[in-house]
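**Q** show me the folded form of this:
(one chain, ligands or ions: 1)
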Amino acid sequence: MSHNIHILQLYPNDMNIYGDWGNVLTVMRRLQWHGYNPILTEYNQGDTFPTEVDIIIGGGGQDSGQTVIQDDLLKISTHLHKLADDGTPMLIICGLYQLFGNFFKTLDGTVIKGIGLLDLETHGGNERLIGNIIIKSHEFGEIIGYENHSGQTFLGKNVVPLGLVQKGAGNNGHDATEGVRYKNIVGSYMHGSLLPKNPAIADFLIEQAVTRKYGEFVPTVIDDRFAELARDIAAKRPR
Ligand code: GLN
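**A** Model (predicted):
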């Protein structure tokens, strides 16, 4: 009997743009290829927070979507902090990446409170940062994606960036950082979706989840020809 891994997708109704749902599909399919049985739970506003959670995935959204979920997100904050402290792997993109930080102050001055799990803050900027983006990271090599955000994120000293920008804007367009790493959390502005073109990150999330739950992870060698092709093509796209 294959082992179950429970994936929790946060707010698919409100926070799920530019293909972010593809991150969930990728983790589910790769889990199957590695010999595990993925079980997906979608968490939307007002739902009961599930008891079994092995991987958390959350996507981006418009400022309006972020405003809609903010109270509910604050309500489940204790669960998310506890899971993060316990080493649960999480991938959070753009809108939720911002709200896992301290706050997002939008261009019109509205402050959307975050859950303060990540030492970072975000300020709306006049210019939208849009386009294909490539970054270099220690853990995952070159990471390729697509960004579209007005928020400019600044990291505090308790977290490190996911990588350094080679092409694109990244966290804020100024300091060449992109995304965040903290415990087993990966945060990033990169849509695309991110994971189909960056399977190393998907396998990191899977490895952490499986090891935490079952003690060891024996990966299957996956034929990633199509991911490689997608990476080659995406890397040659203009900004
Ligand atoms: N609304 C946020 C911003 O514009 C997040 C955008 C997104 O998730 N792509 O910065």
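**Q** from now on I want contacts and neighbour counts done on CA atoms only, so please keep to that.
**A** Noted.
**Q** so what touches stretch 148-159?
**A** Residues outside stretch 148-159 that contact it (CA atoms under 8 Å, 6 or more residues apart in numbering): 94, 98, 104, 106, 118-131, 161, 171-173, 180-182, 189.
**Q** considering only the residues you listed, which also neighbour the ligand?
**A** Residues of those in contact with the ligand (CA under 6 Å from any ligand atom): residue 94.
**Q** list the ones among the contacts of stretch 148-159 that fall in strands.
**A** Counting by DSSP state E, the contacts of stretch 148-159 place 104, 120-131, 180-182 in strands.
**Q** check the chain for its longest helix and report it.
**A** helix 199-214 (DSSP state H).
**Q** how about that helix: buried residues?
**A** 199-210, 212 (16 or more other CA atoms under 10 Å).
**Q** now the helices: where do they sit in this protein?
**A** 21-33, 63-75, 77-85, 94-99, 194-197, 199-214, 225-235.
**Q** residue 44 is nearest to which of these?
**A** helix 63-75 (8.5 Å; CA to CA).
**Q** and that closest one, what other elements does it pack with?
**A** Other elements packing on helix 63-75 under the criterion 3 or more CA pairs under 8 Å, 6 or more residues apart in numbering; DSSP states H and E are helix 94-99, strand 111-113.
**Q** can you tell me what sits against the longest one?
**A** Outside of helix 94-99, the residues that reach it under the criterion CA under 8 Å, 6+ apart are 15, 58-63, 66, 70, 104, 112-116, 120-122, 149, 153, 187-191.
**Q** stretch 53-69 too?
**A** Residues from elsewhere that reach stretch 53-69 (CA under 8 Å, 6+ apart): 5-12, 14-17, 20-21, 23-24, 45, 88-97, 99, 106, 112, 205-206, 209, 213.
**Q** 7 Å instead?
**A** 5-10, 14-17, 20, 24, 45, 88-96, 112, 209 (CA atoms under 7 Å, 6 or more residues apart in numbering).
**Q** identify the residues contacting the spatially most central residue of the chain.
**A** The centre of the chain sits closest to residue 92, judged by CA atoms, centre = their mean, with a distance of 2.4 Å. Residue 92 makes contact with 57-59, 186-188 under the criterion CA under 7 Å, 6+ apart.
**Q** list the beta-bridge partners for it.
**A** residue 58, residue 187 (DSSP bridges).
**Q** quick one, grab the pLDDT at it.
**A** For residue 92, the model assigns a pLDDT of 98.
**Q** among the helices and strands packed on helix 63-75, show me which one is buried the most.
**A** Scoring the helices and strands packed on helix 63-75 by mean neighbour count under mean count of other CA atoms under 10 Å gives helix 94-99 as the most buried, with a mean of 28.
**Q** export it as PDB, just CAs?
**A** C-alpha atoms of helix 94-99 as PDB (Å, rounded to 0.1, in the frame of the first residue of the first chain):
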ATOM      1  CA  CYS A  94       3.400  36.300  -4.800                       C
ATOM      2  CA  GLY A  95       0.200  37.400  -3.000                       C
ATOM      3  CA  LEU A  96       0.500  34.800  -0.300                       C
ATOM      4  CA  TYR A  97       4.200  35.300  -0.100                       C
ATOM      5  CA  GLN A  98       3.600  38.900   0.700                       C
ATOM      6  CA  LEU A  99       0.900  38.000   3.400                       C
END
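**Q** could you number the chain from 771 rather than 1 from now on?
**A** Okay, using 771 as the starting number, the last item reads as helix 864-869.
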